[in-house]
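Asker: Here's a sequence, model it:
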Amino acid sequence: MSDARTPAQIEADIVRRREQLAVTLDEIGVRMHPKTIIGDAKAKVASTVDQTAGRAFVTVNRVVTDVKGRFVSEDGTPRLERVVPVALLAVGVVGLLAVTARKRKG
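Answerer: Numbers count the residues shown, from 1 in each chain. All right, here's what the predicted structure looks like:
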């Protein structure tokens with residue numbers, strides 16, 4: 001068997017390869033177009049922001065659930081032995097801030 005090709009086969013291969021090259025060049029042109037590059041960058045940033053926001057939401061939700069578990073019993077009633085000291089501390093801090101603010105004005 002001979003691997004010789006006819007001139008028509010060679011010409012058909014050349015035409016096919018030119019068409020493939022034209023398609024490839026068009027694809028490269030689209031990929032390298034500034035609008036495409038900007039769009040890809042925006043999509044990547046949006047994806048990163050979505051992932052970060054998702055992780056932040058999960059973390060905050062976990063912390064809130066943990067804090068709620070410390071101050072509310074399983075049946076939903078407040079645990080006064082924990083709520084009262086924190087409330088008193090908060091009132092004390094607010095009072096201290098109010099006194100400090102008055103001293104600065106006067």
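
Asker: Who are the packing partners of the longest helix seen in the chain?
Answerer: Scanning the chain for the longest helix, with DSSP state H as the assignment, gives helix 34-71. If you count contacts as 3 or more C-beta pairs under 8 Å, 6 or more residues apart in numbering; DSSP states H and E, helix 34-71 packs onto helix 80-105. Where you see a C-beta, it was placed from the backbone N, CA and C, and this is true even at glycine.

Asker: gap between stretch 43-51 and the chain center?
Answerer: In terms of C-alpha atoms, centre = their mean, to the nearest Å, the centre of stretch 43-51 is found 4 Å from the chain centre.

Asker: next one: stretch 84-102
Answerer: 38 Å.

Asker: Go through it and flag the buried ones.
Answerer: The neighbour-count check on stretch 84-102 (16 or more other C-beta atoms under 10 Å) flags nothing as buried.

Asker: Are we agreed that Ala76 is in a strand?
Answerer: Heads up, residue 76 is Gly, not Ala. No - assigned with DSSP: H, G, I helix; E, B strand; the rest coil, Gly76 falls outside any strand and is coil.

Asker: Any stretches of the chain with poor pLDDT?
Answerer: Confidence mapping of the chain against pLDDT under 70 gives the ranges 1-2, 106.

Asker: try 90
Answerer: Per-residue confidence for the chain (pLDDT under 90) gives these ranges: 1-4, 67-68, 73-74, 76, 82, 101-106.

Asker: for whichever strand or helix holds Ile14, packing partners?
Answerer: Here Ile14, judged by DSSP states H and E, is contained in helix 7-32. Applying 3+ C-beta pairs under 8 Å, 6+ apart, we find helix 7-32 packed against no helix or strand.
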